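# give me a model of this one.
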Amino acid sequence: MQPDALSPYYQASLQHQSSAAMKLITAIIKPFKLDDVRSALAEVGVQGITVTEVKGFGRQKGHTELYRGAEYVVDFLPKVKVEVAVGDDQLDTSVEAIVSAADTGKIGDGKIFVSSLEQVIRIRTRETGEDAI
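Prediction:
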């Protein structure tokens, strides 16, 4: 569905494309590092995060476990996905906060993906762009 050219949200999207750049940081981390990451993000001024329990694997391809004498392969490992919307000015400090807090130095520490955000809208107030973050 194409956005209505007269829509105020579409117009705000066009205005913010040229003025303020926003990013979505998606970090896949070990579950026991969540509190450390949340605290580190709060220290650098991030005001909100979204957390989802997920399962996946990377290069390590899971691991083998022993249960009641039988060996079996665990393909998908439990992880936590942390999503944070930030302005460009907060990107580097937010990514560094996540890396520092989530790092154990071991395989499976996770990954961070950074994507451009075209628009953000706060539903209650109808604020758009960085004001909505």
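
# residues touching the nearest residue to residue 117 once chain neighbours are set aside, list them.
Once flanking residues are discounted, residue 117 sits nearest to residue 22: 4.0 Å by CB to CB, 6 or more residues apart in numbering. C-beta here means a position set from N, CA and C on the backbone, and glycine is covered the same way. With contact taken as CB atoms under 8 Å, 6 or more residues apart in numbering, residue 22 is in contact with 16, 85, 86, 87, 88, 116, 117, 120, 129, 130, 133.

# 7 Å instead?
Contacts for residue 22 (CB atoms under 7 Å, 6 or more residues apart in numbering) come out as 85, 86, 87, 117, 120, 129, 130, 133.

# in the chain, which spans are helices?
8-19, 34-43, 88-102 (DSSP state H).

# separation between residue 32 and residue 86?
24 Å (CB to CB, to the nearest Å).

# also residue 126?
21 Å.

# which of these two has more neighbours?
residue 86 (26 against 11; other CB atoms under 10 Å).

# right, and that one touches residue 94 too?
Yes. If you go by CB atoms under 7 Å, residue 86 and residue 94 touch, sitting 5.2 Å apart.

# give me the common contacts of the two.
25, 46.

# distance of the most far-flung residue of the chain relative to its centre from residue 32?
Farthest-out residue of the chain from its mean C-alpha position, per CA atoms, centre = their mean: residue 69, at 38.9 Å. According to CB to CB, residue 69 stands 28 Å off from residue 32.

# average pLDDT for the longest strand seen in the chain?
Assignment by DSSP state E gives strand 77-87 as the longest strand of the chain. For strand 77-87, mean pLDDT rounds to 96.

# got the buried residues for it?
If you call a residue buried by 16 or more other CB atoms under 10 Å, then strand 77-87 has these buried ones: 77, 79, 80, 81, 82, 84, 85, 86, 87.

# contact partners of stretch 100-118?
Contacts of stretch 100-118 (CB under 7 Å, 6+ apart): 13, 22-30, 33, 36-37, 40, 58, 60, 77, 79, 85, 91, 95, 98-99.

# now do the end-to-end distance for that stretch.
Counting by CA to CA, to the nearest Å, you get 28 Å between the two ends of stretch 100-118.
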